[in-house]
Every structure is written in C-alpha cells, then in structure tokens.
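A.B. asks: Next one to model:
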Amino acid sequence: MPPVDVPAQGPITIALTGDTSFSTLDGTSSNALDLVRGATVGFTNLEVNVLDGAAARAATARPAPRWIFASGDQSSRMRDLGFDVVSLANNHSMDFGADGLTSTLGALDAAGIAHAGAGPDLGAARAPALVGRGARRVAVVAVTASASDQARASASQRDIQGRPGVSSLLYDAAITVDAATYRTLAQSVQSLQAGPPPGDRELTMFGRRITRGDATRVDFTLRDAEEETVLAVIRDARRQAEFVILSIHSHEPSNESDEPAEFLRQFAHDAVDAGAQLIVGHGPHRIRGMEIYKGVPIFYSLGNFLYQTNGLDFRAADQFDAGSNLYTAALGGSADAPSPFAQLDRDWWWQSALALATLEGGKVSGVKVYPITLKATGQPGRNGLPQLAGGAEADTILRQFSALSQRLGANLGEGTSSAVLDVPIPENR
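C.D. replies: Below is the predicted model of the structure:
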C-alpha cells in the first residue's frame with residue numbers, strides 16, 4: 001500500500017484513539033471511524049495479535065482460556081478504516097509469544113500500517129514509526145509502563161541477539177509505612193526469617209525495601225537510566241520529523257482509578273521538554289483527563305475505542321486487565337480486585353473519546369474532543385464498535401472529561417456543543 005499522503009504544506013490532522021481489540025472488522029463502519037478515515041493520520045493502540053498461518057494454528061490449539069486474536073487479513077481492513085500507525089507498546093503484544101509478535105509485525109507491514117513500541121529487540125521496539133515522506137513527517141514513539149518481565153524487549157549485543165518484546169518504561173515502588181506498621185513488619189521479618197535484621201528506619205522483607213515514615217504509602221518512581229533512553233529517542237525523532245507524538249500505555253495505579261499515576265505525569269512533562277509535541281495515553285479502559293503542559297496537549301487515557309468483547313475470555317486477563325490495584329501488589333498484598341468480567345458492567349468501559357488534533361508550524365494549533373460510545377442500543381452483538389455519542393450520553397462524557405482535566409490544571413470550558421469539545425490551546429507557550 002502507498003505511504004500516508006502528508007500534504008507538502010498547510011495543516012496536518014491527527015486522529016488519536018485509545019485501545020483497539022477485535023477478532024474481525026468485516027462489515028465494520030461508523031461515524032466515529034469516518035473521523036479517523038478523514039484525518040491525515042489515524043492512530044490507535046493495537047491490543048490484539050494479528051496471526052496468520054502457523055501462528056494462528058498454534059493459537060487455536062491452545063487450551064482455554066486465552067486472549068483474543070485476529071486473522072492476518074484483518075490488518076488490511078484496519079488500513080481501510082483509516083488507521084495509518086499503531087502502538088504495540090502494551091500488555092497484549094506478547095500474548096502469543098515471539099511468534100505472535102513476528103506475525104503481527106509482518107501483517108502490519110504488508111498492510112502498510114506503521115508501528116512502534118515492539119520489535120525483535122529493544123532497539124527496534126524503541127525506534128519511532130515515521131509516517132509521511134520528505135521533510136513533512138510525523139514520528140510516533142511508543143512505550144508502556146504496564147508489561148510483564150517476560151514481555152519486555154532486551155537489547156542486542158555484539159554476539160547476543162536481544163529478546164523480542166515491547167518498549168517498556170520501568171519504575172520502582174518506594175514503600176513507606178507508619179511507625180506501628182513498621183514495628184509489626186520488623187517482628188515478622190525476624191519470625192519468618194524474611195530478610196536481614198531490620199534497622200531502626202529501614203528493613204527488607206521478601207526482597208522489598210520498606211522505610212519507616214509518618215504514613216503508609218507507595219510512591220512509584222521511574223528508573224532514571226530507563227527514562228533517559230526513551231527521552232533520547234524522542235530527541236532523535238524530533239530531528240527526523242516535523243512532529244513527534246508520544247504514545248504511553250499505563251494501567252497504573254489501577255483500572256478503577258480515573259487519575260494517572262504521579263510518575264506518569266512527571267514522565268509526560270519530561271517527554272515534552274525532550275521534544276514531544278503531542279502525547280496520547282491509553283490502558284485503563286476508561287477516560288482519564290488531559291492537561292496542557294507548555295502548550296502541549298497530554299491525554300492520559302482516551303479509553304477504549306474499538307473493543308469487541310465477544311469471544312474475549314477474561315479468565316485469561318493479566319494483572320493489568322484484571323483490574324488489580326498495583327499499589328497493593330507493590331506491597332506484596334494479594335490481588336483483591338473484583339471479577340475482571342465486572343468491568344463490562346461499568347459505564348466507563350463503554351464510554352471514551354476521540355481527539356482530533358490539528359498541527360501547524362510545528363505545534364498543535366487546535367484540538368477537538370469527540371464523545372464516543374461503544375454500546376449499541378438494541379444490538380448487543382455490535383457492542384464494542386465506536387459511534388459518536390449523542391444527547392445526554394455525549395453531555396455526560398464531555399462533562400466528565402472536562403472535570404477530570406480540571407483536576408490536572410486544564411480548564412477546558414464548556415466547549416461549543418454537546419457533540420464536540422474545542423480545547424483551548426494557549427497562544428503563549
């Protein structure tokens with residue numbers, strides 16, 4: 001397929017969507033997808049393996065439960081629907097192992113869909129996807145904070161091939177507990193022989209370092225060296241392209257949280273300082289708010305966009321999609337989340353947003369946010385297909401998005417209508 005036709009001059013429009021997962025796109029059409037198709041560049045986070053040939057046969061031979069996958073010919077349908085570039089940096093790109101990733105990469109390449117965030121080694125996973133030709137190119141860099149150890153790509157060395165996987169953003173959990181809890185843990189360390197003798201202010205229990213403080217809390221902090229490698233990729237991408245988009249996949253602290261983890265906000269700000277001009281987040285299957293940092297829109301989660309749940313077996317859900325509280329997990333507690341199937345009964349699973357950004361002069365000149373519903377009233381078999389929300393549901397979605405954004409310091413106003421929210425971009429940046 002031909003590359004994306006980016007105009008030689010004038011504005012570029014980018015349609016940003018959240019999570020996409022499907023088994024088939026046959027017969028799929030909607031007014032929301034028309035917006036994606038009408039943009040210069042259409043983006044989504046692809047949460048499904050596209051399997052062909054031997055990979056598909058191996059997947060169907062697996063015993064249930066298993067996560068969903070799509071057949072190889074569906075990638076061409078994705079391009080027809082308007083998706084030009086996808087992020088693979090998420091917690092599902094390695095659902096079917098290295099063979100599943102290889103098959104997905106091949107199917108996307110054959111369909112002419114650019115991809116970032118996963119590859120045969122860490123260098124390939126970190127590399128930006130470049131859309132367009134000549135001087136006017138859009139670069140997409142993709143990372144995920146939510147990934148298992150086995151899913152993370154590793155770097156190749158001169159004599160050693162790296163491990164296939166995703167471009168991960170690693171963080172550590174700094175655990176602080178109050179004095180009473182610290183005394184109890186110190187006694188447990190000794191009685192259970194769970195670590196070295198505890199000190200007055202710090203102990204190690206089952207490999208977790210715990211500090212005594214005024215209150216019990218968990219602070220997630222990015223690993224400096226890990227963050228710097230991603231920021232270096234963003235700086236390099238800025239030299240290669242007129243515009244750089246950063247895609248971040250993060251379920252942290254849990255799917256139940258409508259606010260992003262604090263470490264994610266800091267990383268987003270650092271990414272803007274490094275040269276990112278637009279940031280799109282996804283992961284928790286719900287809308288989170290946006291902020292505008294130095295004139296750059298940061299969407300922390302646009303929610304689900306095209307997410308078919310027919311045939312999706314949540315018994316195969318990992319800790320991220322199961323809705324586990326990752327702060328509790330960091331403390332070593334058991335995952336006490338409700339049944340992952342229960343998420344399908346929540347309104348936030350089926351309500352999301354599409355952001356249409358206009359790029360001019362190397363910066364975002366305007367953003368429109370459209371409310372999306374994935375509920376097909378009276379047609380349960382079509383649930384998961386995006387449609388522009390209307391009436392009271394549209395009002396609810398946009399009011400919620402504005403309220404969540406205000407918590408992050410972005411005053412979005414009332415918008416122009418119940419069908420779309422015009423985001424004011426500061427003139428002075």
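
A.B. asks: Name the residues of the helix or strand hosting residue 228 that come out as buried.
C.D. replies: Using DSSP states H and E, residue 228 sits within helix 224-240. Along helix 224-240, these residues count as buried under the neighbour rule (16 or more other Cβ atoms under 10 Å): 227, 230, 231, 233, 234, 236, 237, 238. C-beta here means a position set from N, CA and C on the backbone, and glycine is covered the same way.

A.B. asks: Can you tell me which of these is closest to residue 152?
C.D. replies: Closest to residue 152 out of these is residue 230 (13.0 Å), distances taken as Cβ to Cβ.

A.B. asks: Settle this for me: the closest one is touching residue 142, isn't it.
C.D. replies: No. Contact criterion Cβ atoms under 8 Å: residue 230 and residue 142 do not qualify, at 9.8 Å.

A.B. asks: anything in contact with each of these two?
C.D. replies: residue 167 (Cβ atoms under 8 Å, 6 or more residues apart in numbering).

A.B. asks: hey, where'd the helices end up in the chain?
C.D. replies: Assigned by DSSP state H, the chain shows helices spanning 31-38, 53-60, 74-80, 97-111, 122-126, 179-192, 224-240, 262-274, 326-330, 347-350, 391-407.

A.B. asks: Check which residues of the second one are buried.
C.D. replies: Right, the one you point to is helix 53-60. For helix 53-60, using 16+ other Cβ under 10 Å, the buried residues are 55, 56, 59.

A.B. asks: The helix holding residue 228 to helix 262-274, inter-axis angle?
C.D. replies: Interaxial angle of helix 224-240 relative to helix 262-274 (axes from the mean of the first three to the mean of the last three Cα atoms, to 10 degrees): 40 degrees.

A.B. asks: returning to what we had before: hey, which of the helices of the chain is tucked in deepest?
C.D. replies: Compared across those, helix 122-126 shows the largest average neighbour count, a mean of 22 (mean count of other Cβ atoms under 10 Å).

A.B. asks: Kindly format the C-alpha coordinates of that one as PDB.
C.D. replies: Listed next in PDB are the C-alpha coordinates belonging to helix 122-126 (Å, rounded to 0.1, in the frame of the first residue of the first chain):
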ATOM      1  CA  LEU A 122      14.900  -3.400  22.400                       C
ATOM      2  CA  GLY A 123      16.400  -1.200  19.700                       C
ATOM      3  CA  ALA A 124      13.600  -2.000  17.200                       C
ATOM      4  CA  ALA A 125      11.000  -1.600  19.900                       C
ATOM      5  CA  ARG A 126      12.200   1.800  20.900                       C
END
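
A.B. asks: Packing partners of it?
C.D. replies: strand 165-166, helix 224-240 (3 or more Cβ pairs under 8 Å, 6 or more residues apart in numbering; DSSP states H and E).

A.B. asks: Give me the contacts around the last one.
C.D. replies: Meaning helix 224-240. Helix 224-240 has contacts (Cβ under 8 Å, 6+ apart) with 126-128, 130, 137, 139, 141, 143, 167-170, 244, 246, 267, 270-271, 274-276.

A.B. asks: could you redo the last one with a cut-off of 7 Å?
C.D. replies: Helix 224-240 has contacts (Cβ atoms under 7 Å, 6 or more residues apart in numbering) with 126, 128, 130, 137, 139, 141, 143, 169-170, 244, 246, 267, 270-271, 274-276.

A.B. asks: quick one on the thing from earlier: just put the buried residues of helix 53-60 in a markdown table and tack on distance to residue 313 and pLDDT.
C.D. replies: Listed next are the buried residues of helix 53-60 as a markdown table, based on distance: Cβ to Cβ, whole Å; pLDDT from 0 to 100:
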| residue | distance to residue 313 | pLDDT |
| --- | --- | --- |
| 55 | 19 | 79 |
| 56 | 17 | 83 |
| 59 | 13 | 80 |
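
A.B. asks: Good, we can wrap up now.
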